[in-house]
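Asker: Make a model of this:
(chains A and B)
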There are 2 protein chains.
Amino acid sequence: MTDRDTRHKKAMQKRKEIVDAKVAKATEERGIVIVITGNGKGKTTSAWGTVARSLGYGYKVAVTQFIKGTWDCGERDIFEGNPNLSVHVMGTGFTWETQDRELDKKACRAAWEQTLPHLQDDAVHLVVLDEITYMLKYGYLEIEEVLEALKNRPEQQSVILTGRAAHRDLIEYADTVSEVRDEKHAFNAGIKAQKGIDW
Amino acid sequence: MTDRDTRHKKAMQKRKEIVDAKVAKATEERGIVIVITGNGKGKTTSAWGTVARSLGYGYKVAVTQFIKGTWDCGERDIFEGNPNLSVHVMGTGFTWETQDRELDKKACRAAWEQTLPHLQDDAVHLVVLDEITYMLKYGYLEIEEVLEALKNRPEQQSVILTGRAAHRDLIEYADTVSEVRDEKHAFNAGIKAQKGIDW
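Answerer: Residues are numbered from 1 along each chain as shown, chains lettered A, B, ... in the order given. I've put the predicted structure just below:
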């Protein structure tokens, strides 16, 4: 064994001890609230990755896409028709396309009303509230009603909320918060958004 | 219209102009290199979300999972059998489980040899090199050979590389870099990792 091999073995033994100790301490079994925020690429994509994971085990999943006008086609083609997946799309398109606050607000309320039953249904393993942070930011939804729905959800249900600039009360309530930071973005360097990658 | 509605309309008009101008400027059409790094949750999940998107359009996708011993079961159940998806798993398990640098290195080289043909195949739309950053960190792969493979890949092919502590030369070469930061993690609060969410 070389010196590097020996050092590696020692470092990995230590790492294993740390990981094992953490695993042993994590004993609480319940659904969690995950917030994926920040200005970087991959928040919605990450949520869909978890949707795939849950559907793979045969769990029921409900997704509500706030803001987006149509269901992203790549994901749609692969997941549509899965009997365990329910998708609701707000349907007005980007709010900077409509430029109409009253119209957006009504569409948002309708999407929220459609979502609430899933947040009360213990057969639903995962609920995704995609880009909901903007609804809070624009005042279409109140933080209190969103937190209340999260607090009253079934114990084993997990919820993923995505979008930039998440409300601080949401971050405080969440079990897991990931911030995706845009260190560099191809789009800003003049590269066109691409089918199968960006949508 | 209330004052807030009017202000919203103006702000959204401005936003639309900015977005439209950016879209108009982004004219280069080619595959991109995406690095998803940082210590936060959701890097691999995000990559799988993009895999779903590409498969949804009928594109060919090749995934190599470095480090992980077995293919994560949730994703496996939903994607396995898709004729457009090729998955290679390094197969030695976490390096802190094996604690054997020589064994890891051999497994890594074998995984890399399996991956290279995909990086040269213009029928492959997306290649995912999951957790490859650790292979560079541990010296199982050299940054030069990885960069060379990326530079010589087909023009329309995109590649996603994930893992903590990405090599600075990789970050410099990439078109898009997202850093996922762990602001808070349920696991650290004693909540057990969960089927359908964490794996």
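
Asker: So, low pLDDT: which residues of chain A?
Answerer: Judged against pLDDT under 70, the low-scoring parts of chain A cover residues A:68-73, A:92-99.

Asker: biggest helix in it, by residue count?
Answerer: The residue-count maximum for a helix in chain A (DSSP state H) belongs to helix A:3-25.

Asker: Does chain B have contacts with it?
Answerer: Yes. Using Cβ under 8 Å from any Cβ of the partner chain, helix A:3-25 reaches chain B at A:R4, A:D5, A:H8, A:K9, A:M12, A:Q13, A:R15, A:K16, A:V19, A:K22, A:V23, A:K25. For the C-beta atoms, the positions are set from N, CA and C on the backbone; glycine is no exception.

Asker: Would you show me how to pick out the buried ones of those residues in ChimeraX?
Answerer: Selecting only the buried entries of the residues of helix A:3-25 next to chain B in ChimeraX, with 16 or more other Cβ atoms under 10 Å in any protein chain shown as the criterion:
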select /A:8,9,12,16
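
Asker: before we move on, the earlier item: could I get the CA-only coordinates of the longest helix of chain A as PDB?
Answerer: Listed next in PDB are the C-alpha coordinates belonging to helix A:3-25 (Å, rounded to 0.1, in the frame of the first residue of the first chain):
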ATOM      1  CA  ASP A   3       1.200   6.300   1.600                       C
ATOM      2  CA  ARG A   4      -1.600   7.900  -0.300                       C
ATOM      3  CA  ASP A   5      -3.600   4.600  -0.100                       C
ATOM      4  CA  THR A   6      -3.100   4.400   3.600                       C
ATOM      5  CA  ARG A   7      -4.100   8.000   4.200                       C
ATOM      6  CA  HIS A   8      -7.100   7.400   2.000                       C
ATOM      7  CA  LYS A   9      -8.100   4.400   4.000                       C
ATOM      8  CA  LYS A  10      -7.800   6.300   7.300                       C
ATOM      9  CA  ALA A  11      -9.800   9.300   5.900                       C
ATOM     10  CA  MET A  12     -12.500   7.000   4.600                       C
ATOM     11  CA  GLN A  13     -12.700   5.100   7.900                       C
ATOM     12  CA  LYS A  14     -13.200   8.400   9.700                       C
ATOM     13  CA  ARG A  15     -15.800   9.500   7.100                       C
ATOM     14  CA  LYS A  16     -17.700   6.200   7.500                       C
ATOM     15  CA  GLU A  17     -17.800   6.700  11.300                       C
ATOM     16  CA  ILE A  18     -19.300  10.200  10.900                       C
ATOM     17  CA  VAL A  19     -21.900   9.000   8.300                       C
ATOM     18  CA  ASP A  20     -22.800   6.000  10.400                       C
ATOM     19  CA  ALA A  21     -23.200   8.100  13.500                       C
ATOM     20  CA  LYS A  22     -25.500  10.500  11.700                       C
ATOM     21  CA  VAL A  23     -27.600   7.700  10.300                       C
ATOM     22  CA  ALA A  24     -27.900   6.200  13.800                       C
ATOM     23  CA  LYS A  25     -29.100   9.500  15.200                       C
END
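
Asker: what's the following helix or strand after that helix?
Answerer: Where DSSP states H and E defines the elements, the next helix or strand beyond helix A:3-25 is strand A:33-37.

Asker: Residues touching that following strand, excluding its own?
Answerer: For strand A:33-37, contacts defined as Cβ atoms under 8 Å, 6 or more residues apart in numbering or on different chains pick out A:43, A:46-47, A:50, A:133, A:150, A:158-166, A:170-171, A:173-180, B:41-42, B:186, B:197.

Asker: Kindly calculate the angle that the next helix or strand after that strand makes with helix B:43-56.
Answerer: Moving toward the C-terminus from strand A:33-37, the next helix or strand (DSSP H and E) is helix A:43-56. Between helix A:43-56 and helix B:43-56, the angle comes out at 80 degrees (axes from the mean of the first three to the mean of the last three Cα atoms, to 10 degrees).

Asker: Packing partners of the helix or strand following helix A:43-56?
Answerer: Going down the chain from helix A:43-56, the next helix or strand is strand A:60-65, by DSSP H and E. Contacts defined by 3 or more Cβ pairs under 8 Å, 6 or more residues apart in numbering or on different chains; DSSP states H and E place strand A:60-65 against helix A:43-56, strand A:85-89, helix A:101-119, strand A:124-130.

Asker: so which pair among the residues of helix A:3-25 next to chain B is furthest apart in space?
Answerer: With distances taken as Cβ to Cβ, the most widely separated pair in the residues of helix A:3-25 next to chain B is A:R4 and A:K25, at 31.7 Å.

Asker: thinking again about what came up before, so which of the contacts of strand A:33-37 sit within helices?
Answerer: Counting by DSSP H, the contacts of strand A:33-37 contribute A:K43, A:S46, A:A47, A:T50, A:T133, A:L150, A:L170, A:I171, A:Y173 to helices.

Asker: The fourth one: neighbour count?
Answerer: For A:T50, the count of nearby residues is 27 (other Cβ atoms under 10 Å in any protein chain shown).

Asker: repeat for the first one
Answerer: The number of residues packed near A:K43 is 28, by other Cβ under 10 Å.

Asker: The last one now?
Answerer: A:Y173 is flanked by 17 other residues according to other Cβ under 10 Å.

Asker: How about the third one?
Answerer: Residues contacting A:A47 under the criterion other Cβ under 10 Å number 27.

Asker: What distance do you get for it to chain B?
Answerer: 7 Å (Cβ to the nearest Cβ, to the nearest Å).

Asker: give the contact list for that residue.
Answerer: By Cβ under 8 Å, 6+ apart, the neighbours of A:A47 are A:I36, A:V63, A:V128, A:D130, A:I160, A:T162, B:G49.

Asker: Which strand residues bridge the third one?
Answerer: It stands for A:V128. A:V63, A:I160 (DSSP bridges).

Asker: surely it meets A:V63?
Answerer: Yes. Look at A:V128 against A:V63 with Cβ atoms under 8 Å: they come within range, at 4.3 Å.
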